[in-house]
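*Asks:* model the following, please.
(one chain, ligands or ions: 2)
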Amino acid sequence: MKDIRRTLVSRLLNNADEYIGREVDVKGWVRSRRGNKYVQFVALNDGSTVKSLQIVFDLTKFSDEELKAVTTGSSIHVQGLLVESAGKGQNVEIQADSLEVYGTASGEDYPLQKKGHSLEFLREIAHLRPRTNTFASVLRIRHALAYAIHKFFNDKGFYYFHTPLITASDCEGAGAQFQVTCLDVNEPPRDEEGKVDYSQDFFGKMASLTVSGQLEGELGATALGCIYTFGPTFRAENSNTPRHLSEFWMIEPEMAFYEIADNMDLAEEFIKYCIKYALEHCKDDIEFLAEHFDKELPERLRFVIDNDFVRLPYTEGIKILEQSGKKFEFPVYWGVDLASEHERYLVEEHFKKPVILTDYPKEIKAFYMKLNDDGKTVRAMDVLFPKIGEIIGGSQREENYDKLLARINELGLEGMDWYLDTRRFGTVPHSGFGLGFERLVLFVTGMQNIRDVIPFPRYPKNCEY
Ligand code: ATP
Ligand code: MN
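*Replies:* Ligands and ions are numbered 1, 2, ... in the order given. Alright, predicted model coming up:
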């Protein structure tokens, strides 16, 4: 494949033998310039790799005046000969023959002058942070993981199924929803009882942004066999944590004829595949992030690939926590919804491996999960990861019409006829799960805060750009 009107720096560096001795065109942004009165060295980055390409300007061919605009952040086009480099730090470099400056970034006001800005500062200038090596690396890894996800499911015969982002089903139960309305919020129409009259709203009823595509995903799976969704989800929770976003991307596979054990096998294979793909295709970026932020990153990634995940019923997990002798901030007892500290104790201190926790009390899980024979627990599975806590939440679904209807009535849910139809007509055992994409990116990049693994994070009191 030919690069358009320029050769990617990644291509030149990775296939240097093919290009050495040839005239090439590169275009990109200047990271730095240094040198003396005979020769100037420019580090050029074009976004294709974390590595910059060295460009050598011979000052007998270029004047000081010409090079003056070539400062950190400026954008340039260089033609020249690719040669082996005699200097330290790079194998090849370009001997420039011509220079074109697209845009200058002169003056002290370019915020990315010096290296080593804090991640907190960069979050405040999120419109420019993709230009840093750190964010460009994270974003390339994010891309590779997205591609790996589609490849994994496509190769397995799953269909990419598009579920709606605007929904009027308020039974998803996965989290608080953002409302979508075209009514005048200052003076909404009201009915006789004085309540807002949504029949006059755009959709003729109250609508929200989706918190999960699962229920619609089940409609796909009970027709196409195996499907997956991969799209944005929205949760209006006031969770100011390093693991929650208000807008995040979720992958939700849903499979007809899968029981809970098949579901666990798929989840484990899937995560391992994605991590392995990143290790193989994002070597330079992972190395860069390891060197600058997290020395143990590559080892941690390999460890997850090489080891079986522990599979443990919730009830056993509670016993381990109770017998741990550890003082937790939140008390542990059967029936409690585990807090992050509990999950991380099991994963990081007790097993020292990813854990799939199963068979949770039905009270703390969603209405659609399949009831176990004990009548108390459901076939839920949460995959718990070191440093992240819950990375996947899933379950086998209740396929029995009567049991599902009873649970829906017990909880007083309304408007579920369309969903119940999957159980009325040709019902099948089926399962699925949801993986938070940013939690996966967080794990693979070794970043500490989920706000640093998405280009434009949305969280409480923040909606820039
Ligand atoms: P948590 O307990 O961590 O808040 P949850 O139980 O609400 O998560 P689920 O409804 O099971 O999450 O959603 C499935 C997956 O989506 C989770 O396992 C997680 O990876 C991801 N996820 C959930 N909420 C968020 C969020 N606010 N930001 C980013 N990812 C999220
Ligand atoms: Mn969950």
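*Asks:* what about the helices in the stretch 151-300 of the chain?
*Replies:* 214-224, 260-281, 283-292, 297-306 (DSSP state H, counting those that start in this stretch).
*Asks:* buried sites along the first one?
*Replies:* In other words, helix 214-224. 214, 215, 216, 217, 218, 219, 220, 221, 222 (16 or more other CB atoms under 10 Å). (C-beta placed from N, C-alpha, C; glycine too.)
*Asks:* circling back to that earlier point, want to try CSV for the helices of the stretch 151-300 of the chain, with mean pLDDT and distance to ligand 1 as columns?
*Replies:* Shown next, in CSV, are the helices of the stretch 151-300 of the chain (pLDDT from 0 to 100; distance: least, CB to the nearest ligand atom, whole Å):
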stretch, mean pLDDT, distance to ligand 1
helix 214-224, 97, 9
helix 260-281, 98, 10
helix 283-292, 97, 20
helix 297-306, 96, 15
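*Asks:* nearest to residue 59, out of these?
*Replies:* Closest approach to residue 59 among the helices of the stretch 151-300 of the chain (CB to CB): helix 283-292, 31.7 Å.
*Asks:* who are the packing partners of that closest one?
*Replies:* Counting contacts by 3 or more CB pairs under 8 Å, 6 or more residues apart in numbering; DSSP states H and E, helix 283-292 is packed against helix 133-155, helix 297-306, helix 437-445.
*Asks:* name the residues that touch it?
*Replies:* For helix 283-292, contacts defined as CB atoms under 8 Å, 6 or more residues apart in numbering pick out 49-51, 133-134, 137-138, 140-141, 278-279, 296-298, 301, 444-447.
*Asks:* 7 Å instead, please
*Replies:* 49-51, 133-134, 137, 140-141, 278-279, 297-298, 445-446 (CB atoms under 7 Å, 6 or more residues apart in numbering).
*Asks:* where's that helix relative to the chain centroid, distance-wise?
*Replies:* Distance, stretch centre to chain centre, for helix 283-292: 18 Å (CA atoms, centre = their mean, to the nearest Å).
*Asks:* in it, what counts as buried?
*Replies:* 284, 285, 286, 288, 289, 290.
*Asks:* same check, this time on stretch 341-348
*Replies:* For stretch 341-348, by 16+ other CB under 10 Å, it's 342, 343, 344, 345, 346, 347, 348.
*Asks:* tell me the one of those nearest residue 32?
*Replies:* residue 348 (39.7 Å).
*Asks:* surely that closest one is within a strand?
*Replies:* No - per DSSP: H, G, I helix; E, B strand; the rest coil, residue 348 lies outside any strand segment and is helix.
*Asks:* tell me how many other residues crowd the nearest residue to it once chain neighbours are set aside.
*Replies:* Nearest non-adjacent residue to residue 348, counting by CB to CB, 6 or more residues apart in numbering: residue 386, 5.3 Å away. Applying other CB atoms under 10 Å, we find 18 residues neighbouring residue 386.
*Asks:* okay, stretch 393-413 in CSV with CA atoms only?
*Replies:* Output of stretch 393-413 as CSV, limited to C-alpha atoms (Å, rounded to 0.1, in the frame of the first residue of the first chain):
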residue,chain,number,x,y,z
GLY,A,393,-20.0,-7.8,33.9
GLY,A,394,-22.2,-10.6,32.4
SER,A,395,-24.6,-13.4,32.9
GLN,A,396,-26.6,-16.3,31.5
ARG,A,397,-30.0,-14.8,30.8
GLU,A,398,-33.3,-16.2,32.2
GLU,A,399,-34.8,-17.9,29.2
ASN,A,400,-37.9,-19.2,31.0
TYR,A,401,-40.9,-17.0,30.2
ASP,A,402,-42.8,-17.5,33.4
LYS,A,403,-39.8,-17.0,35.7
LEU,A,404,-38.8,-13.9,33.8
LEU,A,405,-42.3,-12.5,33.9
ALA,A,406,-42.5,-13.2,37.6
ARG,A,407,-39.3,-11.3,38.2
ILE,A,408,-40.4,-8.4,36.1
ASN,A,409,-43.7,-8.1,38.0
GLU,A,410,-41.9,-8.5,41.3
LEU,A,411,-39.8,-5.4,40.4
GLY,A,412,-42.8,-3.6,38.9
LEU,A,413,-41.1,-3.1,35.5
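*Asks:* note down every partner strand of the helix or strand harbouring residue 93 and its orientation.
*Replies:* Assigned by DSSP states H and E, residue 93 falls within strand 92-103. According to DSSP bridges, strand 92-103 forms sheet pairs with strand 53-58 (parallel), strand 75-84 (antiparallel).
*Asks:* residue 5 is nearest to which of the ones you listed?
*Replies:* Ranked by CB to CB, the member of the strands paired with strand 92-103 that lies closest to residue 5 is strand 75-84, at 9.0 Å.
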